[in-house]
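Novice: Make a model of this:
(chains A, B, C and D)
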2 protein chains.
Amino acid sequence: MNKRQPITIKEVAEKAGVSQMTVSRVLNKQKLVKASTRERVEAAIAALNYKPNLMARGLAGGRSKLIGLAYYNPSPSYLSALVVSALKHCRDLGHHLVIEDLSDIEDGLDTTMILKRLSSIQLDGLILAPPLSGNTKLLELMQDIGIPTVLLGSTDDRFKQSSVVFDDRAAAYTMTCHLIDLGHKKIGFIRGPHELPWSRKRQEGYEQALIDKGIQIDKKLILEGDFTFRTGMHRGDDLLELPDRPTAIFASNDDMAAGVIAAAQRRSIQIPKELSVVGFDDTAIAAAIWPRLTTVRQPIAEMAQASVDIISDVTAESWNGEPVRLVNDSIHIVERESLAPPA
Amino acid sequence: MNKRQPITIKEVAEKAGVSQMTVSRVLNKQKLVKASTRERVEAAIAALNYKPNLMARGLAGGRSKLIGLAYYNPSPSYLSALVVSALKHCRDLGHHLVIEDLSDIEDGLDTTMILKRLSSIQLDGLILAPPLSGNTKLLELMQDIGIPTVLLGSTDDRFKQSSVVFDDRAAAYTMTCHLIDLGHKKIGFIRGPHELPWSRKRQEGYEQALIDKGIQIDKKLILEGDFTFRTGMHRGDDLLELPDRPTAIFASNDDMAAGVIAAAQRRSIQIPKELSVVGFDDTAIAAAIWPRLTTVRQPIAEMAQASVDIISDVTAESWNGEPVRLVNDSIHIVERESLAPPA
DNA sequence: TCATTTTATGATAGGGCTAACATAATGACG
DNA sequence: CGTCATTATGTTAGCCCTATCATAAAATGA
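Specialist: Numbers count the residues shown, from 1 in each chain, chains lettered A, B, ... in the order given. Coordinates of the predicted model:
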């Protein structure tokens, strides 16, 4: 039928007996259209089944309705939580999501490549997922290109960029206190890579809790992983081989916690009877192993949604130019089966 | 510096002392440019750090460099494997990936909504991930709009659409034979939802293997799950409660296999000593539990890549109009720790 | 009532690029 | 050296929409 030749704004205008501009105004929900005219135009749009051409819009107006989401070596569960939520919200707001994988951009940071990709596509804004949001050079670059950027999980006051962060420190603090309140005194901690700010934040929360509860920090109980299952298992092995092994292990993400559980199960250590294991993030894997992980929920979906909102707002004309900084402070411990008082 | 006003093709043309069209031809890698001219233009592009404007390109040429990837209620690991791989390949080919979540499109299939979203964005092509690729109504719709579509994991000869499929039947057959060859005779099977073609295919493979090896099919050993960890655990419980319980369980995806392992561990059944468990897909979870899952690898990454290739080719002018149908027949069993000969 | 503000609509001009055709330069060959 | 094919480049006209400014209509007020 009318498939080959898409309807254009011109035809709608004719059908409604108005100018293209009026149709455009209706489409963009501007105020200056009489109610009766608006209705007529909307009827014409519906009748012709008209859909505005994004490309033309982007070209003419400068706004593309395209939001970028860039990441770097993501954990699958984190990525999909992020993508799914961002996507849902994009759709609600009439945007589209363009995913950019910057994984093979080395620390050398191939500026040319990134620039080429990002600046040719006229994104309305860009969401930088961790750990990209901690990459100063990249932030600088974005500031230069002038794409409105939202940093996820990290802020940097040197740049005028919006951000949505989670209080990692407080979350880790809360979880550690929870462990201590249950009676644990020897709590192993597996931190993330030292170069990532949230690794540090989580460790700080852990240490502060120990201090506040009057427990000596034992450096032997603090090991570093890289947020993967594999290193979680290795560091778990290390902790379990200690002559006086911990009664609980707090891994600073779920993948590593799953690794610790695997390590314990290989040694036939009963969880949670002989060893408690807790994680961080509440990603899909937390509920997909047995015993299921007790973990701190990181509100990934909410944060993704907030990021999309910010870009949507920043793109709007009413924006005052100030970066938006959101802190999500909903700390919630998801109780499952991997945690119990010490024997 | 030169950030506010992006460089346009015009400036490049001036700098190189040629017409815009020649620059355009260089950009689009057409043949009809003299080598010396091409070099001059390329130098100008590099010098000015010019990046073509996608929107303008899409508007003028009809090709947007945008490839859509639509899904419905994905498993996180499958989704991220898909996205990451499709993305990588898109980048290599200079495309961008626009993700579309059709999850809340009910079976009623809100045509208007989908149309509105998909047809306004001028996608060069659309990849339909399972189970969308099995949705006849949707396929019909796509055919009508005329977007080149690639079906992932499913074909439908009624439509002239390309597809990339995996031989689920053969893979399940191979795995089942492998179990039997190890000495297993009572093999439980947890199938997927009956409405999905690949659920059926996998079950057929399982049953055919039993038949070929002269083992009676026992319907009590075949249960249905919905590809989630949760139902895997429940059906695992069911199988393990059987008076004469199986020595091996073949779950038709990894999430369900993980559920079976959890169920066994709760009953202190040793894996693989007392029970072997195998999965299907080789997604991230297979290596993120202990014991790690022996599973059939589904080449998600390769298939995603192939899909992108197809769209890229179909978009090219040289295309002959025929749908491309690819079958990936690289069946590979990933041996890990969850499988052993029966006690 | 007419001047003045406010509100609603229209006309025009691109935005950056490519398709399609037109032209110019080059080469082949009798 | 002219003819014709071939290859290389240029010109022009849009693609579909929105910004901007201009105009028209309605509302306000003295």
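
Novice: A:Ala170 touches A:Arg202, doesn't it?
Specialist: No. A:Ala170 lies out of contact with A:Arg202 (CB atoms under 8 Å); the separation is 10.1 Å. All C-beta spots, glycine's among them, are computed from the backbone N, C-alpha and C.

Novice: quick one: which of these two has more around it?
Specialist: Higher neighbour count among A:Ala170 and A:Arg202: A:Arg202, with 28 against 17, using other CB atoms under 10 Å in any protein chain shown.

Novice: and the more buried one, helix, strand or coil?
Specialist: Classification of A:Arg202 by DSSP: H, G, I helix; E, B strand; the rest coil places it in helix.

Novice: In contact with it, which residues are there?
Specialist: A:Asp168, A:Arg169, A:Ala171, A:Ala172, A:Arg191, A:Gly192, A:Ser252, A:Phe280 (CB atoms under 8 Å, 6 or more residues apart in numbering or on different chains).

Novice: Point out the ones among the residues you listed that are inside helices.
Specialist: With helices taken from DSSP state H, the overlap with these comprises A:Asp168, A:Arg169, A:Ala171, A:Ala172.

Novice: Top of these by number of neighbours, please.
Specialist: For these, the largest number of neighbours (other CB under 10 Å) sits with A:Ala172, at 27 neighbours.

Novice: and A:Val164, bridged to which residues?
Specialist: A:Leu152, A:Leu326 (DSSP bridges).

Novice: Kindly provide the distance from it to A:Asp124.
Specialist: Distance, A:Val164 to A:Asp124, by CB to CB, to the nearest Å: 17 Å.

Novice: Tell me the spacing between A:Leu221 and A:Phe189.
Specialist: Going from A:Leu221 to A:Phe189 by CB to CB gives 6 Å.

Novice: I meant to write A:Val164 there.
Specialist: Taking CB to CB as the measure, A:Val164 falls 26 Å from A:Phe189.

Novice: Compare A:Val164 and A:Asp124 (neighbour count), which wins?
Specialist: Neighbour totals were compared for A:Val164 and A:Asp124, and A:Val164 leads with 27 against 20 (other CB under 10 Å).

Novice: so who does A:Gly94 touch?
Specialist: By CB under 8 Å, 6+ apart, the residues touching A:Gly94 are A:Lys65.

Novice: now do A:Gly225
Specialist: Per CB under 8 Å, 6+ apart, neighbours of A:Gly225: A:Ile190, A:Arg191, A:Gly192, A:Pro193, A:Thr231, A:Gly232, A:His234, A:Arg235, A:Ala251, A:Ser252, A:Met256, A:Gly259.

Novice: Also A:Gly205?
Specialist: Neighbours of A:Gly205 in contact, by CB under 8 Å, 6+ apart: A:Asp168, A:Arg169, A:Ala170, A:Ala171, A:Ala172, A:Tyr173, A:Thr174, A:Met175, A:Thr176.

Novice: swap in A:Thr231?
Specialist: A:Thr231 neighbours (CB under 8 Å, 6+ apart): A:Ile190, A:Gly225, A:Met256, A:Gly259.

Novice: Can you say which of those are buried?
Specialist: Listed as buried from those are A:Ile190, A:Gly225, A:Met256, A:Gly259; burial here means 16 or more other CB atoms under 10 Å in any protein chain shown.

Novice: So for A:Leu221 and A:Phe189, which sits in the more crowded spot?
Specialist: Ranked by neighbour count (other CB under 10 Å), A:Leu221 and A:Phe189 place A:Phe189 first, with 26 against 20.

Novice: Tell me the bridge partners for that one.
Specialist: Applying DSSP bridges, one finds that A:Phe189 bridges with A:Ile222, A:Phe250.

Novice: still on that earlier bit, among the contacts of A:Thr231, which lie within strands?
Specialist: Using DSSP state E, A:Ile190 are the members of these that sit in strands.

Novice: now A:Thr155, what's its secondary structure?
Specialist: A:Thr155 - assigned by three-state DSSP - is coil.

Novice: Not counting residues beside it along the chain, what's closest to it?
Specialist: In this structure, A:Thr155 finds its nearest non-sequential neighbour in A:Ser163, 4.3 Å apart by CB to CB, 6 or more residues apart in numbering or on different chains.

Novice: Give me the secondary structure label for A:Ser268.
Specialist: Using three-state DSSP, the structure places A:Ser268 in coil.

Novice: Which residues are in contact with the residue nearest to A:Ala340 when sequence neighbours are not counted?
Specialist: Using CB to CB, 6+ apart and skipping the chain neighbours, the partner closest in space to A:Ala340 is A:Pro272 (3.7 Å). Shown in contact with A:Pro272 (CB under 8 Å, 6+ apart): A:Pro291, A:Glu337, A:Ser338, A:Leu339, A:Ala340.

Novice: quick one: secondary structure of A:Pro272?
Specialist: Quick answer, by three-state DSSP: A:Pro272 is coil.

Novice: From A:Arg266, how far off is it?
Specialist: Counting by CB to CB, the gap from A:Pro272 to A:Arg266 is 16 Å.

Novice: any idea which of the contacts of A:Gly205 is closest to DNA strand D?
Specialist: Nearest to DNA strand D among the contacts of A:Gly205, counting by CB to the nearest atom of the strand, is A:Asp168 at 39.5 Å.

Novice: from what I can see the closest one touches A:Leu196, true?
Specialist: No. Using CB under 8 Å as the test, A:Asp168 is too far from A:Leu196 to be in contact (10.1 Å).

Novice: Show me how far the longest helix anywhere in chain A is from its chain's centre.
Specialist: The longest helix of chain A (DSSP H) is helix A:76-93. Helix A:76-93 has its C-alpha centroid displaced from the chain centroid by 9 Å (CA atoms, centre = their mean, to the nearest Å).

Novice: Which neighbouring elements make contact with that helix?
Specialist: strand A:66-71, strand A:96-101, helix A:300-315, helix B:76-93, strand B:96-101 (3 or more CB pairs under 8 Å, 6 or more residues apart in numbering or on different chains; DSSP states H and E).
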